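[1] Below: sequence and its predicted model.
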Amino acid sequence: QVQLVESGGGLVQAGGSLRLSCAASGRTVSSYAMGWFRQAPGKEREFVAAVTWAGSTYHADSVKGRFGISRDNAKNTVYLQMNSLRAEDTAVYYCAARWRLHSTQAGEYTYWGQGTQVTVSL
């Protein structure tokens, strides 16, 4: 079993930055693909970014050039650096893990964190 705990969310003004962290426990996640998803009120959960076990990264078009996913296997932690935040980035952000290969589909991830709220004010 893998437990995931997100942190780093909060309230930020448009144009600002936040860094989310996802700390894993239970087992090492170095062989797992890790993903970030988000869900705004009344909307479906959507893919934000993912990093494979080998370190390749993928980002949704809506966040390319503004967000960056990274992982530190020594700390068993994944990060999401979010810059140039916009009001439409407001959502609960979730960390997820699946074995080896990444996916942009939430249903293909095995483990999930509880989420962290990000609110971007105008």
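    Nice, I can see it.
[2] any chance you could map the strands in this protein?
    Counting by DSSP state E, residue ranges of the strands within the chain are 3-7, 10-13, 18-25, 32-39, 46-51, 57-59, 67-72, 77-82, 91-99, 111-112, 116-121.
[3] Determine the set of other helices and strands touching the shortest one.
    To tie it back to what came earlier, the one meant is strand 111-112. strand 3-7, strand 91-99 (3 or more CB pairs under 8 Å, 6 or more residues apart in numbering; DSSP states H and E). Yep, even glycine has a C-beta here, placed from its N, CA and C like the rest.
[4] Tell me which of the strands of the chain lies nearest to Gln105.
    With CB to CB as the criterion, Gln105 lies closest to strand 46-51 of the strands of the chain, at 7.4 Å.
[5] how much space is there between the residue nearest to Val118 when sequence neighbours are not counted and Val48?
    Residue nearest to Val118 in three dimensions, not counting chain neighbours: Gly9, with 4.7 Å by CB to CB, 6 or more residues apart in numbering. Distance from Gly9 to Val48, counting by CB to CB, to the nearest Å: 13 Å.
[6] if I pick the residue nearest to Leu85 when sequence neighbours are not counted, what's in contact with it?
    Ranked by CB to CB, 6+ apart and with sequence neighbours excluded, the top spatial neighbour of Leu85 is Val120, at 4.6 Å. For Val120, the contact set (CB atoms under 8 Å, 6 or more residues apart in numbering) comprises Leu11, Val12, Gln13, Ala14, Gly16, Leu85, Arg86, Ala87, Glu88, Asp89, Thr90.
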